[in-house]
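Student: predicted model and sequence follow; I will ask about them next.
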Amino acid sequence: MYDIMIWVGAVLSLAGLLGLVWCIVRVLRAKRAKLPDEDLRKVLQSIVPINLGALLMSVFGLILVAMGAYLG
C-alpha cells in the first residue's frame, strides 16, 4: 500500500516538475520574441495559473512520497 503511495507521489512530482519546466520554456520564448509589453503581459497572465497548478501538483506528490516513506 505504501509503495503505491510513494510511486504515485513520485509520478505527481515529476509531472509537476515537467509543468514548471514547460512554463519556464514558454516564458523564455515569449521574452526572446520581443513582444510588445501588452502582448507579453497577456502571455505571462495565461501562464500563471498553469504554473501554480504545476507547483501544487509537485507539492502534493512530495507530500505523498514523504507520507509513504514515513508510514511504510
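Tutor: Nice, thanks for sending it over. Model, not experiment: these values are computed from the prediction.
Student: how about the nearest residue to the most centrally placed residue in the chain, chain neighbours excluded?
Tutor: The residue at the geometric middle of the chain, judged as the C-alpha nearest the mean C-alpha position with Cα atoms, centre = their mean, is residue 54 (2.5 Å). If the residues on either side of it in the chain are set aside, residue 54 comes closest to residue 19, at 2.8 Å by Cβ to Cβ, 6 or more residues apart in numbering. The way it works is simple: take the backbone N, C-alpha and C, and place the C-beta from them, glycine included.
Student: what's the helix or strand for the one you found?
Tutor: helix 2-32 (DSSP states H and E).
Student: that helix - what's its average pLDDT?
Tutor: Per-residue pLDDT values across helix 2-32 average out to 95.
Student: any idea of the mean pLDDT for the helix or strand immediately after that helix in the chain?
Tutor: Toward the C-terminus, helix 2-32 is succeeded by helix 37-71 as the next helix or strand (DSSP H and E). Taken as a whole, helix 37-71 has a mean pLDDT of 95.
Student: what residues of helix 37-71 count as buried?
Tutor: For helix 37-71, the buried set under the neighbour-count rule, 16 or more other Cβ atoms under 10 Å, comprises 47, 51, 54, 57-58, 61, 64-65, 68.
Student: much appreciated, bye for now.
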